[in-house]
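In: sequence unknown, structure follows:
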């Protein structure tokens, strides 16, 4: 049974700037980490992204919601990957905060 991992990342950029940075960051991550995961589906609807990636041979689904003061990432991890959930959450929290850091 999949385990849902939720990461909340606060920011002070406003929704539009956070959205712009996330879209750019996702594109970079796709090319940088293509050996670890591949994007199979990606659909933006206003400030929400629904996606499916293949990581470590497993299908991973999730969504991102960008709001004025925070980004919420929900990912359904298959049991094989869920064993790494704490490390994945820390990495996503760190990378997201760096991406959304006000500069």
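Out: It's in. These figures come from a predicted structure and were not determined experimentally.
In: which residues are in contact with the lowest-mean-pLDDT helix or strand in the chain?
Out: Every helix and strand in the chain was compared by mean pLDDT, DSSP states H and E; the lowest is helix 79-82, with a mean of 78. For helix 79-82, the surrounding residues in contact (C-beta atoms under 8 Å, 6 or more residues apart in numbering) are 1-3, 5, 55-56, 58, 60, 88. (Glycine included, C-beta is placed from N, CA and C.)
In: any quick PyMOL command for the buried ones out of those?
Out: Of the contacts of helix 79-82, the buried ones go into a single PyMOL selection, burial set by 16 or more other C-beta atoms under 10 Å:
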select buried, resi 5+55+60+88
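In: among the contacts of helix 79-82, which are in helices?
Out: Applying DSSP state H to the contacts of helix 79-82, the entries found in helices are residue 88.
In: any chance of CSV for the contacts of helix 79-82, columns pLDDT and distance to residue 20?
Out: Shown next, in CSV, are the contacts of helix 79-82 (pLDDT from 0 to 100; distance: C-beta to C-beta, whole Å):
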residue, pLDDT, distance to residue 20
1, 68, 36
2, 75, 30
3, 87, 31
5, 91, 25
55, 83, 25
56, 77, 30
58, 87, 30
60, 92, 24
88, 83, 25
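In: wait, which of the contacts of helix 79-82 is closest to residue 78?
Out: Set against residue 78, the nearest of the contacts of helix 79-82 by C-beta to C-beta is residue 58 (4.5 Å).
In: list the contacts for the nearest residue to the closest one once chain neighbours are set aside?
Out: Leaving out its chain neighbours, the residue that sits closest to residue 58 by C-beta to C-beta, 6 or more residues apart in numbering is residue 78, at 4.5 Å. If a contact means C-beta under 8 Å, 6+ apart, then residue 78 has 2, 58-60 as its contacts.
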